Structure formats: C-alpha cells, structure tokens
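Enquirer: no letters, just coordinates:
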C-alpha cells in the first residue's frame, strides 16, 4: 500500500442536511481531529477549519472526505441522493458517525443512494483498522448509547470502502473534551479518526 500524502492539503467537509437532525453538533470535533492528524502524521498538510456544504453542492467533488453526524432525522432530496451517488462512484469517501438516534434515518437515506447495495459489517482485517494505528478488534467504544459492541458498517464500490458508518461507538464525541471523557478514551477516538482520514485519501 502506498500513501500519496506529499504536497496534499487535506480539508474536511461537514455535510449540512435537512430533516431536523443537528448536523452542526459539536462544531469543534473536525478541527480538533485535524490538529491531531497534523501533529501525528508528518507528510500530510492539513487545514484545521472545516468546510460546510450540502450534498447537492458540486463543490463536494473538490474534496475526498465528507462527514455526517448528529442526533435524529436526516432527509436527502433527490438531487442530493444523485449527487452523493455520483461523488462516491467517482472515488469520494463518506464517513458517518451515529451520535445517537441517527441510525434508522441514515439507513433509510443510504438505501435511496444505493438501492441495490446494503450496509455490511467491515471485517476487523480491513485496512481502515490498521492504517496508522492498529485496532485488531475493530472499533473502540467511546460512549455507551446501546448495549453490545461498537459496529463498523460499510458500502463497497468495486472492492473499495466508499461509505464507513460507525454505530454504537460515537467516535466523534471523543474528539472534544466537552463530554469529559477519560484521556485514554479520547486517545482511542483520535487514533481511529487518524485511521479514517488516512484511509479516505489512500484508496
């Protein structure tokens, strides 16, 4: 595996969506993660400020990484569905983190994007768990929202993980200190976040 990171300016994009869910939840999480990426990975140039776009905006094609989080409902228009599908088939990457209450709605909307595909569990052997830090047992669990283990789901396009959806872990909450998580939990969250970012620009 070769990482094409030199001379790359990585800019994260948070997706603004309709439906009532709080897409803007914890606005500091992506900037915090970007600062950690910059300090840990030597050969990647990172912009700490996030860009906020909607999925019907053609500018999403300028960025390799889109991020969705929040609580509650999300609803995509037909134009957003079609644009997201085109973005993902053209090599883009979407990361979704359920911040509690998003699950049934995001599954419904992803079905619109990919009527003939389904979310499948990403095996622990997948590179996203081993890009920079090693997670041999899969995702860390940062917050206890539901009983049971954390789960990582994906949608694959021609063998490439194009959509990564984390459920019952809430990794992105570990990218801020507002929840008063123990330092070791925040470290797990940042490490997994670094892996996700590196995967998004490497495949």
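Expert: Ah, there it is. Because the structure is a prediction, the values reported are computed rather than measured. Numbers count the residues shown, from 1 in each chain.
Enquirer: just for the protein, where's the confidence low?
Expert: 1-8 (pLDDT under 70).
Enquirer: mind listing the helices for it?
Expert: Taking DSSP state H to define them, one finds helices in the chain at 29-40, 78-89, 103-113, 183-200.
Enquirer: of all those, which one is nearest residue 150?
Expert: With Cβ to Cβ as the measure, helix 183-200 is the member of the helices of the chain nearest residue 150 (9.8 Å). No exception for glycine: its C-beta is placed from N, CA and C like everyone else's.
Enquirer: what is the closest one packed up against?
Expert: Using 3 or more Cβ pairs under 8 Å, 6 or more residues apart in numbering; DSSP states H and E as the contact criterion, the secondary-structure elements in contact with helix 183-200 are helix 29-40, strand 93-98, strand 160-167.
Enquirer: can you tell me the closest non-neighbouring residue to residue 40?
Expert: residue 194 (5.9 Å; Cβ to Cβ, 6 or more residues apart in numbering).
Enquirer: what about that neighbour, neighbour count?
Expert: Other residues lying near residue 194 total 20 when counted by other Cβ atoms under 10 Å.
Enquirer: now for it: which residues touch it?
Expert: The contact partners of residue 194, by Cβ atoms under 8 Å, 6 or more residues apart in numbering, come to 33, 36-37, 40-41, 131-133.
Enquirer: go again with 10 Å.
Expert: Residue 194 is in contact with 33, 36-37, 39-41, 44, 131-133, counting by Cβ atoms under 10 Å, 6 or more residues apart in numbering.
Enquirer: hmm, residue 170 is touching residue 188, no?
Expert: No. Proximity of residue 170 to residue 188 does not meet the contact threshold set by Cβ atoms under 10 Å, at 11.6 Å.
Enquirer: return the most buried member of the helices and strands packed on helix 183-200.
Expert: strand 93-98 (a mean of 25; mean count of other Cβ atoms under 10 Å).
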